[in-house]
Structures are given as C-alpha cells and as structure tokens.
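Engineer: sequence first, predicted coordinates after that:
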Protein chains: 2
Amino acid sequence: MEAVEKLNAHLADVVNLARAAAVLGWDQQTYMPPGGAEARGEQLATLSKLAHEIFASDKTGQLLEEAERALDGADPDSTEAALVRVVRHDYDLETKLPTSLVEALARETTRAHEIWVKAREQNDFASFAPMLERIYDLMREKAEALGYEDRMYDALLDQYEPGAKTAHVAEVFDGLRQELVPFVHQIFERLDAVDHSFLHKEYDVKKQEEFGLEVIRQLGYDFSRGRQDRAVHPFTTNFSINDVRITTRYLPNYLPSALFSSVHEAGHALYELGCDQSLENTMLAGGTSLGVHESQSRLWENIVGRGRPFWQHFYPLLQQTFPEQLGKVDLDAFYRAINFVSRSLIRVEADEVTYNLHIMLRFEMENDLLEGKLAVKDAPEAWNAKMQEYLGITPPNDAQGILQDVHWSSGLVGYFPTYALGTLLSVQFWDKALEDVPSIPDDIAQGNFSTLHDWLRNHIYVHGRKYFPADLVQRVTGEPLQYHSFMRYLRDKYSEIYEL
Amino acid sequence: MEAVEKLNAHLADVVNLARAAAVLGWDQQTYMPPGGAEARGEQLATLSKLAHEIFASDKTGQLLEEAERALDGADPDSTEAALVRVVRHDYDLETKLPTSLVEALARETTRAHEIWVKAREQNDFASFAPMLERIYDLMREKAEALGYEDRMYDALLDQYEPGAKTAHVAEVFDGLRQELVPFVHQIFERLDAVDHSFLHKEYDVKKQEEFGLEVIRQLGYDFSRGRQDRAVHPFTTNFSINDVRITTRYLPNYLPSALFSSVHEAGHALYELGCDQSLENTMLAGGTSLGVHESQSRLWENIVGRGRPFWQHFYPLLQQTFPEQLGKVDLDAFYRAINFVSRSLIRVEADEVTYNLHIMLRFEMENDLLEGKLAVKDAPEAWNAKMQEYLGITPPNDAQGILQDVHWSSGLVGYFPTYALGTLLSVQFWDKALEDVPSIPDDIAQGNFSTLHDWLRNHIYVHGRKYFPADLVQRVTGEPLQYHSFMRYLRDKYSEIYEL
C-alpha cells in the first residue's frame, strides 16, 4: 500500500498539470481574447512537456514496478490494483513511442491540419492526399511501436478504448450493418411521415439558454460543481471531480441544436461528477474510455432527451417558453419531429438511426488504409461507394465526403469507433437500468431523474477508471458489447415514429 | 548573446508556469464553481512548486553566471543587460531564503490569515497579537536572510520596489507629511462645501457596466487583447503582453465605485499591454515595480478620471445614461462630488488627498515593529494616536483600526509604501507628459486620450521591467522621486474644489 501511495504522490503533479492545462484549454475556447492565443500555445506546450517529463520518467517506471510487486496477488478489483493497472497502461502508451516519432507526429499533424483546412475549403482532396499518406505511414509506425498481437489497428484503438479488440468490434459492426442498412432504407421510404419544419423557426437565444439550463439542472447537473458557458464547439472538460464544466452554442433558427448538445455534454459531465470522491487527485478520476463516456452522453441525449417520457415532463414548459412557435404543436408531433431521420452526408448532423453507419464506414476505411488494402488515392471513391451502399446517397464533392472530419489530419486514427461503441453501450446500460428499476420511464415522465441518475452513478460513474471498458460492461450488464439491444431499441422507437 | 538566449530559453518554462498559474487564479476569482476550490489549490501548488524548482535550480545559477560573464562591460541599457539584472534580482530573492523559512512563512501566514479574519470579525486584537509577533519575527528572519546594508526594512521593501531605500522613502514621506497634514485639516473644516449625496442614488448595474466599458475602450484598453469580468475584488492579471485582463464589481447604490475601479485597473492593464513585444515570453515582460504600476493605475484613475477635462468629454454621455439621477446635476457639481474628501477610517475608502496619510502611518509602524521600537501589544494605541494626529479621528475599535488590512497577516510587510510611491510618481509622470505635450488636457476634453497614452507607452510602458524603478523615474522625469509635484497638484485641485 505504501508503494501505491508513493506512486500516487509522485503522479499528483502529472494530474495537476493535466488539469491546469484543461483550465487553460477551457479559457482558450470560452473567454480568451484573440491576442492571448500565441502565448497560450506556449503555456500549454510547457505544461504538456513537464507532464510528459514527469510521467514518462524512470522514476515513474521504478515506482510502478515497486507497486506492481507489492500488489502481486492482490484483489484485482481493489482500487490499488486498478490504479496500478491504469498507470501501467498509460505509462506504456507514453513511453513506447520513440521521441523522434512523437516529434514527427506533432510536426506532421500540425502541417496536415493546416493543409486539410484549405483542402476542405477548396474541395481539393488531391492537395491533402500526400499528407494523408504521410499520416498513415506514421500511424503504422506508431502501431508497431505500441505493439499488437492480432490486428495492427488494435494498437491505435487501445489508446482510446483500452483493451478493445478490432476483430470483436468488426464482428459487432458487421452484424449491426446487416440489420441496420435495410432498416434505414425502410425509414428512408417514409421520410415525409415526419414534419420538423417548426423546429427551424426563430427561437430566442436567451430563452433557449434559460430552458436548457433548467433542463440540465433537473437532470442532476450540479451547478456548485460545474457551469455552462458558450463556445464555438460544445465540449465537456474537468479540473476536478468537483469542477466539471460544459459548453454549448446556440442557433437562433434551429431549436434542437443547443438543447440536445447541452444534454449530451451534461451526460459526459454527470459521468465525471459521479466518480467516487476517494479517486480525486489520482489517475483513476474520470471516465474509463471514450466509448463508455459516449455511452453516457448519448444515453442522456438520445434515450432520455429524445424519449417520450422526458417530453411528457418538459414539453409544457417548452411550449410556455415558446408559445408562438410551439403553442399549436402537440406533444406527439414534437416528439416525432425531434426524432426525424434524414439522409445526411455529414456525420455530425446525423440522427441516431444513421449515425453508426457513418462510423462503420470510417472504421472500415481506417483499417483498410492502415493495412494497405486501400490506397489513399482510391479513398474518396471508396468513401462515396460506401455512402451509396449504406445511406443511399453519394456526396456531390469531397468536402462533404472524405474531407468532412478533422480527425485524420490530427492523427486521430482508431478514435471514430468509440462513438459507435458508445451508442451500442448506451442501450445495453439503459436496458439493465430498467431491468433493475422498472419505474425509470415513469419517474422521468414525472420529472424525477434521480432513479436513473442514481443507478448510473452507483453502477458506472463511481468506478471512474477502475475497470477497463470491457470489464465494466461485463460487470454492469452481465454480457459483452453487442448490437442486438441497440437494434431492438431502434426498431421499437422508429417503427412507431415512421409507422413502419 | 548566446548565453542570454540560453538563459531566456531555460526561463521560458518559469514564465509559462507563472502565466498558467495566473489563468488558474483568474478563473478562481471569476467563474470557478465552489466545488473546484480544493483541487484548484492543489493545481496552483504544483505549478508554483515546479516554477520554483526550475527557477531556483543550480542550472539557472550557472546560466545566469555565464550570461553575466558574457555581458561584462556591455551597455547597461541593452535588453540583454537588463534581463540579466532582473533575473539576478529575482534569483537572489528566490534562493536566499532557506527552505525552512519558506515553509515556516507559508504555514504561519496561512494560520495568521485565518486568525486575523476571526479577530477582525470579533474586534479582538488580543487574539491576533501573538500571530502578529510571530509574523514580525519571521519578517526579521527574512530580512536577515535577504540581506541589507542600511535599514532592515530595505530588504523587505526591495521585494516589491527593487532598489528602493527606506531612508529615502522616509525622507520623502516626512516632507510630505509636514505639508499634507495641515492641508488636509484645512479641507476638513470645509467638508460641507461639497455635496455628493446624488452619487448614492440607485444606479442600474447593467448601465453602469455599459458606460464603464465604453470609458475604458476610449481610454485605449484593447478588447482584442483583454477583457473585463466581474469579481468580488477588482484586480488586473496578465497571461501575455497580449492578454491582460481586468475585473470589477458593481455597487447599485454608489456610482463611483465600479467606474473608478475599472479605470484604475485599466491603468494597470495599459501599462502591461504597452510593453514592447520583443520582451514577450521573457522575465522582462510586465511592470517594473508595484510603485510604478500603481503610478499608472492612479494616474488614469485620479489625475485623468477624476479630472475636469475627462468629464467635459464624458459627462454628457453619463447624464444621458442616468438622466433621472444626474439630469439636473451640472458638470461642476459632479466634478466636485467625485472628488469629495472625507475623514475615513478605512484606507481602501480614502480619497486621493488623505490616502497617503494612511500609508505613511503603516510605513512608520512597520519600521518600528520590525526594528523593535514598538511592541505588538502597544501597536493598536500607536495606530490610533497616528490616526488622530494625521486625520483628526480615532478609530472606535480595532476592527476599523489596526485590524482593517489583510497585508500583515499575509506576511506582506514592505508592500504598503508602494501605494504612496505610486501616488507621488503619478503626478511626476503627468507633469513631464504635459511639459512634452501641453495639449494633453485639451485633447482629453475632446475625447482624445491617445496623446497621453502614446506618451506613457513610449516613455514608460515599452520598457517593461528593463529599468529598476528609481532608474526609470530619473530617466523619464530627470529627477528622483519627490513629493513637491504631488503637493502642488493637490493644492491646485482641492483649493479650487473646497474654495480654500
């Protein structure tokens, strides 16, 4: 135990530097005047350099080995064992990459990002292609340095979803795709069945803000331990288990945007805020993976926030807030409208039915590009073909196709699947919560969100990073990641909405 | 030159850590939810520990010595020589104190602060006295560790006003007191001559804010390189030469409070923002001392902001903003009101005429306490006697007397005089600016603040920390710190206002 305490004490500076950097990042995206940008970059570089120096030091390695020896044979469910497991995972990630590769990645992704911005503006994939090849070369180098047993992609995926395996994800996605594509096409034939034009009226931004704040307050977001500010891109960030902040942005002509973005970010925040206080100031504070994090943002946003019970409770207040726009729209019409499905070309605008198809496309292409089965020059065509196959639509240009996402130019390969894993897990967790507490939908309809919130906190949030995602999912739901629950959820909900 | 570059590169992390800590401090006082407080303390402790470790390291000492050798015989006005001078000053301050003393200071001032808060609440000096004795013991230890040639107080004063000497300050203060006390008493006999009751009407906070923002914008505060937020205590902070922020707070029943506080903080900010860009990311960025900093805040607040030309320009807009409260108050009555003098017991509420007397009292007592000429147990009586002598008023209790300031409990001895030095310097700088650019008052009356702002920037702000305060004052005004200009300014202004 003493060995673990020593490790914790040593890593406290790393935790504090990361949190300080998060404060600087939050300020950068909320209140920083433009003049501060250049110096802010220098400050963040210093914090990240010092954090890396301390974390990747031999001292960390020694303390970690001592802690591992001291815990040999200890209960793997103990906080101490979990801490050592997580530190080992992160330490290996941080130390396995040679400095030359880390520097090359920093340099080339900075260049790639600039070139991508221009290429997207000018709809010119050819100008981005050489950088994309370079990025994938570096990604292969990175995967080799990190190491993998089965698929090269495993090494990259593990950065964002510790322990996840490509083969398993591919199997789940394959099964899902076979059921989802025909279902989506069934809906596409009925798109006219849902009118959502009234969501595009003028909605006063100040009133949107007040309503949104009231919603997340009722969901259980604790404003004494967080706050919501405006930013160009909504995000959640934390500087402590007790200071978890979200941001949103308002569109005056589209009601759902800010509202569901707020609920989405509040979902992320509830996860962080629910972490057991004993994990504060340790590397176990926070969420266990991007996938599990996304399961919470999407559970609150889509299953709860786009669900009927939620609006049974909140719709009268919303109508009262916007009587002109919604006074004559009944609950059922509103519920259908906020769940409208579309043939969107753009991932970030996709609804919960089609969203995963956008992700699967990227997951498949990332694997093919990484393993050399697909050449960069052929990538736009492959993209468009998959779009046609999955969504029955071909992008009119690459800007709305393969150039739409920032991820690859930033070196984020292996990141996309976590979005879809989150979607699938959100339903698995929800089903289990309802099995344990069947009153949850009725409670929500009464404006009581605490039965759901308590269940999620007690089963998922309290653990922080104690369990790797697959272990957590097995532990909480009694089964591994699967797509059947999600398909059942979609069929139930959307067959009714689209009268299939 | 290479040696200086190496030193600069090494110290960049120290600069960045200090600026990162400043961002965390700004957030703490503006937007941080209460839950974040505990972890924020940990984060700030890590940043300050790492900054100290890097700055006080042997490596800094070696690089500094190398730079000093390389610059032997160089032009003392060169940026390189200035950098080395300033780093030497700060390095000695940072390394001369033994760790045991630094720890004792941190521990005892934390305790002292808590005890002072209670003592002030309960008007119980006796409960604070043992801590005050302990603080002064530590201050003597500190002065011995830092070293001094003449007066013990020199060592403490030098922390805030590099190079300043107690004997010189005492001489200036003595001269000032002999002229100021009789002048103040002359005014005290005419206090009824100025009506300021209308300043205490209800002034809408939102309108106060809009007006205040417009004022500082016109003064030249650049909102692309700064911003104003609300905080309990107004302050200025900077994270870059190009990101200098101020805060203010509004009193609905007292117009001057937020307005002049905004102008005061904007004065600090203009100084920082005017620093030459070539000094960015070095230890020369910023202001050279607390005294010179205060000269700028007070020049803008009192000489400009409480001056007649300023209100010739701004009063019509203020009347338009508050027609009910000020529509029937003419410019002259308003000008006299915002310059009303009072027999205040409390330093932070004092006007520009009496303010320095509050400071001199503290300066004298600090010296006497430090040198053992005054016992802590006798300090309240000494305080009250001086208040009677200087301001003709005796505090009814210690809470409004010796217990009113936070400084001593925080270990800030040697800090107070910088406020008065700033007041004296503000007039010396102003006089010199008018000698060079006689049109300044007329320009201000026309709403043109750039002739003054340009002069201050070109003569003072651009230099950052390049010159120690006494050198800067001599360089800019051609003479050392003196009190005659200030007394002449007071006589001219207040003889008219109070019709003496």
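Structural biologist: Perfect, I can see it now. Please read all numbers here as calculations on a predicted model, not as lab measurements. Numbers count the residues shown, from 1 in each chain, chains lettered A, B, ... in the order given.

Engineer: who are the contact partners of the most centrally placed residue in chain A?
Structural biologist: Nearest to the geometric centre of chain A sits A:Glu294, at 3.9 Å (C-alpha atoms, centre = their mean). Counting by C-beta atoms under 8 Å, 6 or more residues apart in numbering or on different chains, A:Glu294 makes contact with A:418-419, A:421-423, A:425-426. Where you see a C-beta, it was placed from the backbone N, CA and C, and this is true even at glycine.

Engineer: between those, which has the most around it?
Structural biologist: A:Leu425 (30 neighbours; other C-beta atoms under 10 Å in any protein chain shown).

Engineer: now do the buried residues in the one helix or strand A:Arg475 maps to.
Structural biologist: A:Arg475 belongs to helix A:469-477 when elements are defined using DSSP states H and E. Neighbour counts over helix A:469-477 (16 or more other C-beta atoms under 10 Å in any protein chain shown) mark A:469-473, A:476-477 as buried.

Engineer: same check, this time on stretch A:455-464
Structural biologist: For stretch A:455-464, the neighbour count (16+ other C-beta under 10 Å) marks A:455-457, A:459-461, A:463-464 as buried.

Engineer: from those residues, which land in helices?
Structural biologist: Residues of these located in helices (DSSP state H): A:455-457, A:459.

Engineer: what's the local residue count around A:Glu114?
Structural biologist: 12.

Engineer: that one is in what secondary structure piece?
Structural biologist: Following DSSP H and E, one finds A:Glu114 within helix A:99-121.

Engineer: buried ones in whichever helix or strand comes after that helix, by neighbour count?
Structural biologist: Reading on from helix A:99-121 to the C-terminus, the next helix or strand found by DSSP H and E is helix A:125-146. If you call a residue buried by 16+ other C-beta under 10 Å, then helix A:125-146 has these buried ones: A:125, A:128-129, A:131-132, A:134-136, A:138-143, A:146.

Engineer: per-domain residue ranges of chain A.
Structural biologist: Split into domains by automatic domain parsing, chain A comes to A:2-96, A:123-500.

Engineer: closest one to B:Leu500 among those domains?
Structural biologist: Smallest distance to B:Leu500 across those (C-beta to C-beta): 45.8 Å, for domain A:2-96.

Engineer: the closest one and chain B in contact?
Structural biologist: Yes. Domain A:2-96 lies within reach of chain B by C-beta under 8 Å from any C-beta of the partner chain, at A:12-13, A:16-17, A:19-21, A:23-24, A:26-27, A:31-36, A:38-40, A:42-43, A:45-47, A:49-50.

Engineer: which among the residues you listed end up buried?
Structural biologist: Among the residues of domain A:2-96 next to chain B, those scoring as buried are A:12-13, A:16-17, A:19-21, A:23-24, A:26-27, A:31-33, A:35-36, A:39-40, A:42-43, A:46-47, A:50 (criterion: 16+ other C-beta under 10 Å).

Engineer: so which of those residues belong to helices?
Structural biologist: Counting by DSSP H, these place A:12-13, A:16-17, A:19-21, A:23-24, A:26-27, A:39-40, A:42-43, A:46-47, A:50 in helices.

Engineer: for the record, mean pLDDT for stretch A:435-453?
Structural biologist: Taken as a whole, stretch A:435-453 carries a mean pLDDT of 98.

Engineer: which residues of the stretch 151-300 of chain A lie near chain B?
Structural biologist: Proximity of the stretch 151-300 of chain A to chain B is confined to A:222-227, A:229, A:239-243, A:245, A:280-281 under the rule C-beta under 8 Å from any C-beta.

Engineer: any idea how far A:Gly422 is from the residue in the stretch 401-500 of chain A that chain B sits nearest to?
Structural biologist: Distance from chain B to each residue of the stretch 401-500 of chain A (C-beta to the nearest C-beta) is smallest for A:Gly464, at 14.5 Å. Distance from A:Gly464 to A:Gly422, counting by C-beta to C-beta, to the nearest Å: 17 Å.

Engineer: could you do A:Ser295 as well?
Structural biologist: Distance from A:Ser295 to A:Gly422, counting by C-beta to C-beta: 4 Å.

Engineer: who's in contact with the helix holding A:Glu114?
Structural biologist: Contacts with helix A:99-121, where a contact means C-beta under 8 Å, 6+ apart, come from A:97, A:124-125, A:127-128, A:131-132, A:134-135, A:138, A:141-142, A:145, A:399, A:403-404, A:406, A:408-411.
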